[in-house]
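S.K.: Here is a sequence together with a model predicted from it:
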Amino acid sequence: MSVGGIDAGRIEAMVAQLRATAQAARPAANPVAADRVAGDKSVAQADFTSMLKSSLDQVNGLQQQANSLGRRFAMGDETVSLSDAMVSMQKAGIAFQQTIQVRNKLVSAYHEIMNMPV
């Protein structure tokens, strides 16, 4: 079945992929690890740093993939469809906007903390 020129199976596969990505982004419910992290601030700092780097690497990977698919489609590669290129570009755009919003929240929190009276 085709919906607006896009195969419904591809839409379902994309939704499943988005759900899997969302599930992977959720923190694991492990109380032992949470207690260990709460007890050791250096571990928590390292975890935040690695999580931030991982997120930025993932956004960068999405942008590189989108650029590659767009370039391949523009060059006439028949293995890349317009819908694949556009979906990839939208994913990369949304991930980048999310990164900007997180950065803005972090900067705002930093300014709030710096302006607190001691």
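M.R.: Right, received. Where do you want to start? Numbers count the residues shown, from 1 in each chain.

S.K.: and the helix or strand Ala109 falls within, which residues are buried?
M.R.: Assigned by DSSP states H and E, Ala109 belongs to helix 82-114. Residues 83-85, 87-89, 91-92, 95, 99 are the ones in helix 82-114 that count as buried (16 or more other Cβ atoms under 10 Å). For glycine as for every other residue, the C-beta is placed from the backbone atoms N, C-alpha and C.

S.K.: list the helices and strands it packs on?
M.R.: helix 41-74 (3 or more Cβ pairs under 8 Å, 6 or more residues apart in numbering; DSSP states H and E).

S.K.: tell me the angle of the helix it packs on relative to helix 82-114?
M.R.: Orientation of helix 41-74 against helix 82-114 (axes from the mean of the first three to the mean of the last three Cα atoms, to 10 degrees) gives an angle of 150 degrees.

S.K.: The residue most central in space within the chain: what's its closest spatial neighbour, skipping adjacent residues?
M.R.: For the chain, the residue nearest the mean C-alpha position is Ala95 (4.8 Å; Cα atoms, centre = their mean). Excluding its sequence neighbours, the residue lying closest to Ala95 (Cβ to Cβ, 6 or more residues apart in numbering) is Val59, at 4.6 Å.

S.K.: Next one: the one you found from Lys53, what distance?
M.R.: 11 Å (Cβ to Cβ, to the nearest Å).

S.K.: Which of those two has more residues huddled nearby?
M.R.: Val59 (19 against 10; other Cβ atoms under 10 Å).

S.K.: What score does that one have for pLDDT?
M.R.: Looking at Val59, its pLDDT stands at 94.

S.K.: Contact partners for it?
M.R.: Neighbouring residues of Val59 by Cβ atoms under 8 Å, 6 or more residues apart in numbering: 92, 95-96, 98-99.

S.K.: make it 7 Å
M.R.: Contact analysis of Val59 by Cβ atoms under 7 Å, 6 or more residues apart in numbering lists 95-96, 99.

S.K.: can you check Val80 too?
M.R.: Residues near Val80 by Cβ under 7 Å, 6+ apart: 69, 72-73.

S.K.: what phi and what psi does the backbone show at it?
M.R.: phi -110, psi 120 (degrees, to the nearest 10).

S.K.: No further questions, thank you.
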